[in-house]
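Student: predicted model, plus sequence, below.
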Amino acid sequence: MRIPPFSRYRHISQIAAVFVLGAVVGAVVYNAVFQNSYNLLWLSNQDLEIQIKQYEDDIKTLKKYRNQQTVIREIKIRNEQQDPPLDPVIVKAIIVQLGDDLDVLRGRNVFEIDTYSKFVRTLLNEKIYKVREKEYTVEIKTMLLMEGMLQIWVDVHPVKVRNP
């Protein structure tokens, strides 16, 4: 039995190697594009879930206080931009937790907003929110009340680690 020389198959093995390498690179590029589009879809879904929860709370409050014009019916929390910007998922999770803390203001009289703002500042002063095993603090910058809607602008900062 005779063994054929492999030197004549060298060209075919190089073509096969280039084909396999191209398949691997193509799979990596496809996976990167798929992950990016899935991440954008997931962020959009998170944002829409937060909006749905806020709208459900607003509807419940509006139905409850529809005949009273001088109460806080809606609470909108907005994050101010900062450098470097935080991950939007983290900011949204903190805003949801902050909204749950501020939910006690719904249905309160708008003419007593001064006492409520003091209450909110003492409630949230140096409060630490934990998201994804990291701690963040919230600083209230501005509170604006107009036509039953309380708008609050906040800054979210990571907690600085203190050396003992």
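Tutor: Good, I have the coordinates.
Student: what's the next secondary structure element after the lengthiest helix in the chain?
Tutor: If you go by DSSP state H, the chain has its longest helix at helix 10-64. For helix 10-64, the following helix or strand on the C-terminal side (DSSP states H and E) is strand 74-79.
Student: just the CA atoms of the helix or strand of the chain with the lowest mean pLDDT, as PDB, please.
Tutor: Ranked by mean pLDDT, DSSP states H and E, the weakest helix or strand in the chain is helix 113-124, scoring a mean of 75. Coordinates of each C-alpha in helix 113-124 appear next as PDB, following Å, rounded to 0.1, in the frame of the first residue of the first chain:
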ATOM      1  CA  ILE A 113     -45.200  72.200  50.000                       C
ATOM      2  CA  ASP A 114     -42.600  74.000  52.200                       C
ATOM      3  CA  THR A 115     -43.000  71.500  55.000                       C
ATOM      4  CA  TYR A 116     -43.000  68.600  52.500                       C
ATOM      5  CA  SER A 117     -39.800  69.800  50.900                       C
ATOM      6  CA  LYS A 118     -38.200  69.900  54.400                       C
ATOM      7  CA  PHE A 119     -39.600  66.500  55.100                       C
ATOM      8  CA  VAL A 120     -38.200  65.100  51.800                       C
ATOM      9  CA  ARG A 121     -34.800  66.600  52.300                       C
ATOM     10  CA  THR A 122     -34.500  65.100  55.800                       C
ATOM     11  CA  LEU A 123     -35.900  61.800  54.600                       C
ATOM     12  CA  LEU A 124     -33.500  61.500  51.700                       C
END
